[in-house]
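# What follows is a predicted structure for the sequence shown.
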2 protein chains.
Amino acid sequence: MSELRWDPLKNNWTIITQGRSRRPQDFIQQRSQIEMASCPFCNGNEAKTPPEIYAYRPNGSQPNQPGWQVRVIPNKFPALRIEGELDNQAEGLYDRMNGIGAHEVIIEHPDHERSMADLTAEEISEVLKAYRTRMLDLRNDSRFRYIFVFKNFGVEAAANVPHSHSQLIAVPLIPPVITSELSACRQHFERKERCLICDLLSQERNSKLRVVRDDGNFLVYAPFASSVPFELMVAPLEHSHDFTLQTDQQLLLLADTLRDTLRRLRAVLRDPPYSFILHSAPPMHLRWGRPDYWASLPSDYHWHIEIAPKLTRVAGFEWGSGFQINPTAPEEAADFLRNSDPTVIY
Amino acid sequence: MSELRWDPLKNNWTIITQGRSRRPQDFIQQRSQIEMASCPFCNGNEAKTPPEIYAYRPNGSQPNQPGWQVRVIPNKFPALRIEGELDNQAEGLYDRMNGIGAHEVIIEHPDHERSMADLTAEEISEVLKAYRTRMLDLRNDSRFRYIFVFKNFGVEAAANVPHSHSQLIAVPLIPPVITSELSACRQHFERKERCLICDLLSQERNSKLRVVRDDGNFLVYAPFASSVPFELMVAPLEHSHDFTLQTDQQLLLLADTLRDTLRRLRAVLRDPPYSFILHSAPPMHLRWGRPDYWASLPSDYHWHIEIAPKLTRVAGFEWGSGFQINPTAPEEAADFLRNSDPTVIY
């Protein structure tokens, strides 16, 4: 069983995994990359994965058979497991709880060779619908405090399987980054009765300096204090706290924005490794019989996607201080991306 | 001029550097490593660096000439610069200030081939004395709120120059990680009138589960919620808030501990890349005419060194959530290191 651990000095939770447990020899061996003989995410290899949780099968084929366009399966080496109780307890000065959660893989397309940037907007929108479906389903489990979707592309971004996929994790605690964003948004709303992210979008739209793309539906911009080169924020211009409330039509517009943005990154940085993550408000549900303090109010959070190309290495300074060092000004990054040709393929 | 930037959503400061400014082509090219023709940190190449700030010259040779054993120089591509004013100001919802600070390089030994683990305890203690000297000197500049020393070893830990060196950075803000540690220590002290880190050391010493080395002077252990595999904490058993108060004799004992610890990591993980960072209490000085809120009290902080081997890649999950995933339990890591032979060389 994986464990969640808290240390009072760092005030930080770490997931200590098992099943994925790594000994010194594993770290020494990983330096020589191992090529995968046969990809378990490919069409026809459905039997190599755990049974599917969800699939989009436009031609009505049978579960766990070929014919799908998007397929969601449990992660074979999950960081968190769905069975069991939290068993939240102290250990002297420390806290620990069992690693209860869900860890799923969203296979974005049956074709091994096509990355997300190669898909059509319609194909990407089916991936986004799979995110929405799985998020809504996992909200029924009251042990989970937060559910989020992320994607790692490229070996440098720690994608172990090259076949294009995203991941979904449900966790029994609100993650620190989300707590901090929710708290900033809530404080801003209490003082000003406006959404902080709406205000940021409006400032960015007015200055245009850091804007990469503005189609009137979604804004793509390089954040003012970008912690990595070519970091991007993608957010709906119309206020919405919860990704799962997006309609099919809105998801198609988002798919178009994502596709264009990923193609611009590819054109400027030659297929860079990257991660993206979807931040949405936590679902409202009861815990210990009281309304959840962090339950989302429609007015004080604004869902968004953050994209971080993996171009620099995090070293001692960043790790030990919490400051980030970014050698590319976001104004410059936005300028390169704005003026790039998203149809160029390297 | 570099800039420090703050964003209200992330509540995070980023240093946007100039001089080191990176365009897309730089990121594309860096994938093929460039070998250094002639190392500027080597004995005899003193003219290739800016003039030295400090040197340990046991045989009394002239500044900027061969004959040194430890040499401190300004970083040729500093993240922060010493000249100028902070010019702290708002930019709409954002904050910015000029990147004022100091960024120095401590060359640990004239020999290009010897890493810190290869040095004798006496040689390492001269490096530690250089840290102490430079920290004390930079405290005289009241623009600096915090000074810290870190080291990156190996390409994966972003060490650009292979010749063994550490770095010192003075920053005009208390770094977020330090603010958070100081706040945890202060709260613990207010409730219990005991030092949090003294309490942690005592719990670890009693359980022995995660202890790597205990010579009665310094404790080396793998933290309970280690965020990376084989993370280590090195702290003096005798309470002390400020590294610069250590005597020469104490620094020699620390050097012996560090040497042994680095050699154990080398034996178990075959010369892994790593970073270490020294966390000490901020210096007491006045700012805006009032006693600094963060000024160190001797009782509520405890200096220490954190060592993080660079064995895993940070990906979307960690970056977007703030949770860490660690595939090696600290009890297991401590066991491997405790039972290793520090004299083995790979």
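Perfect, thanks for sending it.
# Check whether the helix or strand hosting A:Trp319 comes near chain B.
A:Trp319 belongs to helix A:316-321 when assigned by DSSP states H and E. Yes - counting by C-beta under 8 Å from any C-beta of the partner chain, chain B has neighbours in helix A:316-321: A:Gly316, A:Phe317, A:Trp319, A:Gly320, A:Ser321. C-betas here are computed from N, CA, C, even on glycine.
# and if you look at stretch A:211-221?
No - residues of stretch A:211-221 contacting chain B under C-beta under 8 Å from any C-beta: none, with a closest distance of 11.9 Å.
# hang on, the earlier thing: ok, of the residues of helix A:316-321 next to chain B, which one's closest to B:Val70?
Taking C-beta to C-beta as the measure, B:Val70 lies nearest A:Gly316 of these, at 18.9 Å.
# who touches that closest one in this structure?
For A:Gly316, the contact set (C-beta atoms under 8 Å, 6 or more residues apart in numbering or on different chains) comprises B:Phe150, B:Lys151, B:Asn152, B:Ala157, B:Ala158, B:Gln167, B:Ser275, B:Phe276, B:Ile277, B:Ala308.
# 6 Å - rerun?
By C-beta atoms under 6 Å, 6 or more residues apart in numbering or on different chains, the contact list for A:Gly316 reads B:Phe150, B:Asn152, B:Ser275, B:Ile277.
# ok, A:Ala102 - how many residues close by?
Per other C-beta atoms under 10 Å in any protein chain shown, the neighbour tally for A:Ala102 reads 23.
# The one 5 residues further on too?
Burial measure for A:Ile107: 27 neighbouring residues, criterion other C-beta under 10 Å.
# Please report how far it lies from A:Phe243.
20 Å (C-beta to C-beta, to the nearest Å).
# Ok, A:Tyr146 next?
Taking C-beta to C-beta, one finds A:Tyr146 at 12 Å from A:Phe243.
# got it, and A:Leu182?
To A:Phe243, A:Leu182 is 15 Å away according to C-beta to C-beta.
# which of these two has more neighbours?
It is A:Phe243, of A:Leu182 and A:Phe243, that has more neighbours when counted by other C-beta under 10 Å, with 24 against 20.
# so what's A:Glu306 bridging to?
Using DSSP bridges, the beta-bridge partners of A:Glu306 come out as A:Met233, A:Ile277.
# Thought A:Ile277 was touching it, still the case?
Yes - in terms of C-beta atoms under 6 Å, A:Glu306 counts as a neighbour of A:Ile277; the distance is 5.4 Å.
# can you map out the strands along the stretch 51-200 of chain A?
Counting by DSSP state E, counting those that start in this stretch, the stretch 51-200 of chain A forms strands over residues A:54-56, A:70-74, A:89-91, A:94-98, A:102-107, A:146-153, A:165-171, given from the N-terminal end onward.
# Partner strands of the second one, with direction?
The one in question is strand A:70-74. Strand A:70-74 has these partner strands in its sheet, going by DSSP bridges: strand A:54-56 (antiparallel), strand A:102-107 (antiparallel).
# Need the CA coordinates for it. PDB is fine.
Once non-C-alpha atoms are left out, strand A:70-74 reads as follows in PDB (Å, rounded to 0.1, in the frame of the first residue of the first chain):
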ATOM      1  CA  VAL A  70     -10.400   7.100 -26.800                       C
ATOM      2  CA  ARG A  71      -9.900   4.500 -24.100                       C
ATOM      3  CA  VAL A  72      -9.600   4.900 -20.300                       C
ATOM      4  CA  ILE A  73      -8.000   2.200 -18.200                       C
ATOM      5  CA  PRO A  74      -6.700   1.900 -14.600                       C
END
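# Outside of it itself, list whatever touches it.
Taking C-beta under 6 Å, 6+ apart as the criterion, the residues outside strand A:70-74 that touch it are A:49-50, A:52-56, A:104-107, A:126-127, A:130, A:134.
# rerun that using 7 Å as the cut-off
A:49-50, A:52-56, A:104-108, A:126-127, A:130, A:134 (C-beta atoms under 7 Å, 6 or more residues apart in numbering or on different chains).
# Got a PyMOL select line for the buried ones in those residues?
Command for PyMOL, covering only those of those found buried under the criterion 16 or more other C-beta atoms under 10 Å in any protein chain shown:
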select buried, chain A and resi 49+52+53+54+55+104+105+106+107+108+126+127+130+134
